[in-house]
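[1] Pasted the sequence and its predicted model underneath.
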Amino acid sequence: MRYPELLLIGFLLLGCSGEQMAHGITKVQIAMAGNKPPAFFKIANLKTMRGYVFNMKHYTIALPEAKTSDFTGLDAYSNKKAWRGATYYGKDITLYLEGYYHIDISTDYYPQKVTEYERAILQKNLQYIKKHIRIDNHDKLYIKYYGKESYPCSVMEYTKSGKYYKNSKFMGVKCYKFNPNKTKYQSVHIRLSYSKPLDPKLAKIYTYQDLKRRAKRMLDSLYIKSWW
């Protein structure tokens, strides 16, 4: 994990809507968060997972699909099981469950100028894209459409070399929103990281395919705000 120590500091979020969640947080926590989710948080119930939507400066996005079992029992650190995470700079989010599922969401500070690379995304020109990114033969690259406005998204499923990554899989999704004349764009990048549990029983519960299925709820909910 990128922030193992920080993410263990959690605030309990209650309720389902953004307004209801705010009422479940103390005034001090709201002041620290600027009326947004606290910097570090813990989501401990299914109702919140299904109802809450992050309203970030440049986009909105729902939480991944959850199960009752996500909040039942204790985790590897003898803490009550929950989704944990953090928000950064009013634009980035990280979420994780049990150390097996990790989701990072990031975006740019400003709209970017459209280049030949972004035009290749629009045209689904995978040959051009592959020439301008680092990709191995066994990696998968394709274009999908996600979000409330059906944004074109480049998707790459890949692995990493090294002993620390032998049981890990990754999926990077970068979705683009273009201005009307296609000269500027704003993008949101969602990265899924999967670490296979060493326990065979847990490995049947926490799978890469399950993480992808859960994350689709987030991808379908994505709305990129216009701020040209």
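    On my side now, so go ahead. Numbers count the residues shown, from 1 in each chain.
[2] Could you measure from the closest residue to residue 109 other than its chain neighbours over to residue 209?
    Using C-beta to C-beta, 6 or more residues apart in numbering and skipping residues adjacent in sequence, the residue nearest residue 109 is residue 91, 7.3 Å away. All C-beta atoms are positioned from the backbone trio N, CA, C, and that covers glycine. Residue 91 sits at a distance of 29 Å from residue 209 (criterion: C-beta to C-beta, to the nearest Å).
[3] Which one's more surrounded, the two?
    With neighbours defined as other C-beta atoms under 10 Å, residue 91 and residue 209 compare such that residue 91 has more, 16 against 9.
[4] State the distance from that one to residue 133.
    Taken as C-beta to C-beta, the span from residue 91 to residue 133 is 23 Å.
[5] again, but for residue 139
    Distance of residue 139 to residue 133, given as C-beta to C-beta: 10 Å.
[6] What residues of the longest helix along the chain count as buried?
    Identified as the longest helix of the chain according to DSSP state H is helix 208-221. The neighbour-count check on helix 208-221 (16 or more other C-beta atoms under 10 Å) flags 208, 210, 211, 212, 214, 215, 217, 218, 219, 221 as buried.
[7] cool, stretch 192-202 as well?
    Those would be 192, 193, 194, 195, 197, for stretch 192-202 by 16+ other C-beta under 10 Å.
[8] just checking, which of those belong to strands?
    Among these, the ones falling in strands (DSSP state E) are 192, 193, 194, 195.
[9] Tell me where this structure has helices.
    Going by DSSP H, the chain shows helices at 4-7, 18-23, 27-33, 46-51, 116-123, 126-131, 200-205, 208-221.
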